[in-house]
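Engineer: Just the structure for this:
(chains A and B)
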Amino acid sequence: MSSLQSQDYIRISATTITPPSVRHHEAEVAKLIDVTRCIGCKACQAACMEWNNLRKDIGYFEGSYDNPMDLDPATWTLMRFTEWDNPKTGDLEWLIRKDGCMHCEDPGCLKACPAPGAIVQYANGIVDFISEHCIGCGYCVKGCPFNIPRISKVDHKSYKCTLCSDRVAVGMEPACVKACPTGAILFGSKKDMTDWAGERIKDLKTRGFENAGLYDPPGVDGTHVMYVLHHADQPSIYANLPANPRISPTVEFWKGLIKPFALAGIAASIVAGFLHWVVTGPNEVQPEDEEEAEQFEKEVEEAHLHTISDKPA
Amino acid sequence: MTNTWQDIKNANVVIVMGGNAAEAHPCGFKWVIEAKIENAAKLVVVDPRFNRTASVADYYAPIRPGTDIAFLSGVIKYLLDTDQIQHEYVRAYTNASLIVKEDYTFDDGLFSGYHPDTHSYDQTKWEYELDEQGFAKVDDTWQHPRCVMALLRQHVARYAPEVVSRICGTPQDKYLHICRLIASTAAPDKAMTSLFALGWTQHSVGSQNIRTMAMVQLLLGNIGVAGGGMNALRGHSNIQGLTDVGLLSNQMPGYLILPHETEVTFEDYMKTRAFKPLRPNQMSYWQNYRKFFVSFQKAMYGDSARLENDWAYDWLPKLDVPLYDIIKAFEMMNHGQMNGYICQGFNPLQAFPDRGKIRSGLSKLKFLITMDPLDTETSRFWEDFGPLNPADSAAIQTEVFQLPTTCFAEENGSLVNSARWLQWHWKAANGPDKAKSDIWIMSNIFHRVRELYRKEGGAFPDPILGLTWKYVDPQDPNPEDLAKEMNGRTHVDIADSTGAVTVRAGHLLDGYQQLRDDGTTESGCWIFSGCFTEHGNQMARRDASDPREQGIAPNWAWAWPANRRILYNRASCDPAGNPWNPVKPIITWNGTQWVGIDVPDYGPTIKPSEGVGPFIMNTEGTGRLFASEMVDGPFPEHYEPFESPIANPLHPKVNTNPAARVFPDDRAKFGSVSDFPYVATTYRLTEHFHYWTKHALINAILQPEEFIEIGEALAQEKGIVQGGWVRLTSKRGFMVCKAYVTKRIKPLMVEGKPTHVIGVPIHWGFTGQARKGFGANTLTPSVGDANSQTPEFKAFLVNIEPASGPVA
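Structural biologist: Residues are numbered from 1 along each chain as shown, chains lettered A, B, ... in the order given. Below you'll find the model as predicted:
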């Protein structure tokens, strides 16, 4: 959202600058979404729209209670309704999952982001998009294992749930948490939320949900938004919640291994350029140079897109 | 509600039937979740479709719309057959032992005393057999063939599980599972709460739907206890207040009854309102009726209401029919018998059945005044919106005055919630532009009408000229003034038993116990007396402290009557005065008086040995398993909805409620199953509040467009695709909208045949920000509940076909 809380950063995209460290005492927070007590009322959606001042255009009925139909730059959270026939009991279950950013401990979006400081992670675990640094490249979309960020067609910036970082920074709970009438969305320290989830799971097991469990996927080192699920053994029945989310290996490889070399390369070319300027003076750009550069850029981009689209959906 | 929202958390079983609490009352529903989490409660949902409440339920069973009485009569039979009732409670606190006169019979769908020409019963046929002193005769052994318990057993004997399943379409195993869950609360320390709403009221047997569950609750000993009760979840934030202050056409504030024209004098009127106890020692609190009535007349007419003129009794309007409900009003408009209509905070073109009839009624008026914060469909009934509102504007001569009002957040005042709490609220913002408060508008209409009467006389100016208007600002009385008027004040010093003056002349009353019938006290609404006293505005209290954490919070706002939070709470104790459930006591007898966390619903020092029943408003002192007050029978009986896919399996000759009032032109517009083979029901969705929030952008985004819900089997049969367009027709009209093909509605096996149910959410109309729609009332039949005339919105017949696209 903004960089007003820069002293809370622990990770910053596309930079090797050491994040500030004075606030590392902060407890990690988590939002716990108890799917088993959610009634799908969409109060969280309304609260999100009000607090963040988001208003999507009025849509259409499209064969579902999901409205709007998908996340978008003006819809940062959304109830996803699934009618599921439980094969074991033969009974219908109406699974309602509040979708939105999971605030991964190991955020794929941040890793993929090439724009310095456009994605940050705070000491409390919240992953935030700093819009003024966003270049709208869409790498965060590819880096996210949960398919969350959306690029605005208007300003070409990426948007997603901030976990109300502005509210949390001043000691308030996220707007969706405050609005939830049944206490299905809770907010607190990650430890407290995990402990309370344990209580809920115990209760659910007494009600016949033997596979009830907490969704805090290890593939991204856990998340700061967690779910209590009745059927934690099958997350995918909840509107395709990934069973084992991981950051795409391409992103990991590119950002983990290649990036230092790439950055070194960039630095080297700057140095070389400077030396060139010192030694032989500025280059005059000729039209054919320009054309060649554009062609090169295009090729690089295509190669890149090809690499990214290889990653599993 | 007999209990409170917070009290739901004390329940062991929560049954939601005839309502959809999660969908329509998401905020209050937190207490159901609380009951599940903190009290290990089981949540049971019985509904035609798997709804949002069902999504978090422990057990769900489907039911065909309009068959709840069959289901619950079966439950009663199950409880009696398996002897799972709370015996001591039933014996002491219900009328199970009372003996009914020989005149009472029930035969082939009809109770005794039926007049086919007037579609009404002679209810005197259903009275108790009295002894020489005028008390009802009793057989505590329940052996007498005409004691209520024996008659009840006999009455419900027909509702065997296979019969229930055949009528309701509920699979027998699911039905019996729910019977067992319900029966588990017959234990004295277990409670079930019944949460219901318009899913029960909006039927031609609406009042009896509720009564049947009340009888179940009495048999289980679940009335008056923590976590129990009959809890009507009201559909508007102040609809409880509306009934409390008597805005129904046959009522006056505080559930006093407007006189009938046959009650020519005040004494005629009081003759049938003596409320003489039918059992010895009973309080029969309505014996104070005269005090409430006289104090009301003093509040209305002040010095003009005197003993000599029978407290201005003659000035009250007198009814010539049982009531002038809205169905009746539109019938009269259509026949030119009602020419002007003031529509205050009401949108009948959207909210009342058979939209075409509503439109034609409004078109025949001389004038229509609408008072509303929103641009309602009713205000624009004359405007042509194509098929959504086909109006021939040029032919309509109705003069329409659209008066914009402030809304609740733009004024001070109180709202009465479902739990009978009067909660004061404070103005948050000024109203937009020229909007005025309802109080300002009504006051100004009154002043101008009074002026005309002063100048021109008229046939009967007295009630207008004699009305008191003692407000600080007569043009715009402030809400505090009005609240004080409802609370009431005394004109003489009131002393306690020691002679000490407790309330000085001219001061506000402490409560209705101080009301008198000699004209020395006044109170505009006796049940509200105590809400605004010399100690201040009790409704504005905001102390949430809750002794025993049982959801009582006695110092939060103020509850009628007498700040009592749980009605009939004397019944939470056994006859000796010990709580049935010692873990969750409400009151208890300490040897000299009743003490506890709530105001006792009982005389505070009445000894348990006096045998005074806990149902102090009733002449018997007990809860009624047999109620001669109901116009359509002392026991509930299953009657089919007026549009039904089958003939009544119990008595085909008496198919529908014989005591329901049906106007001939409405009857002509009932469809038959041959033309309209599918059952339809209407309902609300969480994203919207009735027809208001379609004016609000966020709500319009969250649920933008009209749709209906249809099961997969019927959709496949009809070639209807997910999100595709359909044309839904009833005998009265049609809608073209999109279809939601869902697993949540499944065909029900009714009388051996699959019966399909189609769900019609109600929220869309032709004004507001959401996409325009037809409105469910385009389809619904104009017939009401026999007792209350609440329209039958929940069960009717339709046909459905795929459509090629929108028509409007």
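
Engineer: okay, now residue 154: neighbour count?
Structural biologist: In the absence of a named chain, this looks at chain A. Applying other C-beta atoms under 10 Å in any protein chain shown, we find 8 other residues in the vicinity of A:Val154. C-beta here means a position set from N, CA and C on the backbone, and glycine is covered the same way.

Engineer: right idea, wrong chain: chain B
Structural biologist: With neighbours defined by other C-beta under 10 Å, the count for B:Gln154 comes to 13.

Engineer: quick one: contacts for it?
Structural biologist: If a contact means C-beta atoms under 8 Å, 6 or more residues apart in numbering or on different chains, then B:Gln154 has no contacts.

Engineer: which element is it on?
Structural biologist: helix B:148-156 (DSSP states H and E).

Engineer: As PDB, could you dump the C-alpha coordinates of that helix?
Structural biologist: Extracted in PDB, the C-alpha atoms of helix B:148-156 (Å, rounded to 0.1, in the frame of the first residue of the first chain):
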ATOM      1  CA  VAL B 148     -56.200 -32.000  26.700                       C
ATOM      2  CA  MET B 149     -53.500 -34.700  26.900                       C
ATOM      3  CA  ALA B 150     -55.900 -37.400  25.700                       C
ATOM      4  CA  LEU B 151     -57.300 -35.200  23.000                       C
ATOM      5  CA  LEU B 152     -53.800 -34.300  21.900                       C
ATOM      6  CA  ARG B 153     -52.700 -38.000  21.700                       C
ATOM      7  CA  GLN B 154     -55.800 -38.700  19.600                       C
ATOM      8  CA  HIS B 155     -55.300 -35.700  17.400                       C
ATOM      9  CA  VAL B 156     -51.600 -36.500  16.500                       C
END
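
Engineer: which of the residues in that helix are buried?
Structural biologist: B:Val148, B:Met149, B:Ala150, B:Leu151, B:Leu152, B:His155, B:Val156 (16 or more other C-beta atoms under 10 Å in any protein chain shown).

Engineer: Which single one of these is nearest to chain A?
Structural biologist: Distance to chain A across the buried residues of helix B:148-156 (C-beta to the nearest C-beta) is lowest for B:Val156, with 29.2 Å.

Engineer: The closest one and B:Gly623: what is the separation?
Structural biologist: 17 Å (C-beta to C-beta, to the nearest Å).

Engineer: can you pull the contacts of the residue of the stretch 701-808 of chain B found nearest chain A?
Structural biologist: Proximity of the stretch 701-808 of chain B to chain A (C-beta to the nearest C-beta) peaks at B:Gly723, 3.1 Å away. The contact partners of B:Gly723, by C-beta under 8 Å, 6+ apart, come to A:Phe61, A:Glu62, A:Gly63, A:Ser64, B:Lys738, B:Ala739, B:Tyr740.

Engineer: ok, the nearest residue in space to it that is not next to it in sequence - contacts?
Structural biologist: Nearest residue to B:Gly723, sequence neighbours excluded (C-beta to C-beta, 6 or more residues apart in numbering or on different chains): A:Gly63, at 3.1 Å. Applying C-beta under 8 Å, 6+ apart to A:Gly63 gives the contacts B:Gln722, B:Gly723, B:Lys738, B:Ala739, B:Tyr740, B:Val741.

Engineer: I'd like to know which of these is nearest to A:Pro73.
Structural biologist: Distance ranking of the contacts of A:Gly63 against A:Pro73, using C-beta to C-beta, places B:Gly723 first at 24.1 Å.

Engineer: Point me to the helix or strand that includes whatever residue of chain A ends up closest to chain B.
Structural biologist: At 3.1 Å from chain B, A:Gly63 is the closest residue in chain A, using C-beta to the nearest C-beta. A:Gly63 is part of no helix or strand, with elements assigned from DSSP H and E.

Engineer: cool, B:Ser194 as well?
Structural biologist: Counting by DSSP H and E, B:Ser194 is found in strand B:192-196.

Engineer: does chain A sit close to that strand?
Structural biologist: No: under the criterion of C-beta under 8 Å from any C-beta of the partner chain, chain A is not reached by strand B:192-196; the shortest gap measures 13.6 Å.

Engineer: do the same with stretch B:30-44
Structural biologist: Yes: applying C-beta under 8 Å from any C-beta, one finds stretch B:30-44 touching chain A at B:Lys30, B:Ile33, B:Lys36, B:Ile37, B:Ala40.

Engineer: Which ones among those residues lie within helices?
Structural biologist: Judged by DSSP state H, the residues of stretch B:30-44 next to chain A include B:Lys30, B:Ile33, B:Lys36, B:Ile37 as members of helices.

Engineer: Quick check: the gap between the last one and B:Arg91.
Structural biologist: From B:Ile37 over to B:Arg91 the distance is 36 Å, taken as C-beta to C-beta.

Engineer: Ok, B:His447 next?
Structural biologist: 59 Å.

Engineer: Looking only at neighbour counts, state which of the two leads.
Structural biologist: Using other C-beta under 10 Å as the criterion, B:His447 and B:Arg91 rank with B:Arg91 on top: 17 against 13.

Engineer: pLDDT below threshold where in chain B?
Structural biologist: Across chain B, nothing is flagged by pLDDT under 70.

Engineer: Just the CA trace of the longest helix along it, in CSV.
Structural biologist: The single longest helix within chain B, with elements called by DSSP H, is helix B:438-456. Extracted in CSV, the C-alpha atoms of helix B:438-456 (Å, rounded to 0.1, in the frame of the first residue of the first chain):
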residue,chain,number,x,y,z
ASP,B,438,-41.4,10.9,9.9
ILE,B,439,-42.4,12.6,13.2
TRP,B,440,-42.1,16.0,11.5
ILE,B,441,-44.2,15.0,8.5
MET,B,442,-46.9,13.3,10.6
SER,B,443,-47.1,16.2,13.0
ASN,B,444,-47.5,18.7,10.2
ILE,B,445,-50.2,16.6,8.5
PHE,B,446,-51.9,16.4,11.9
HIS,B,447,-51.8,20.2,12.5
ARG,B,448,-53.1,20.9,9.1
VAL,B,449,-55.9,18.4,9.3
ARG,B,450,-56.8,19.7,12.8
GLU,B,451,-56.9,23.2,11.4
LEU,B,452,-59.3,22.1,8.7
TYR,B,453,-61.6,20.4,11.3
ARG,B,454,-61.4,23.6,13.4
LYS,B,455,-62.4,25.8,10.5
GLU,B,456,-64.9,23.6,8.7
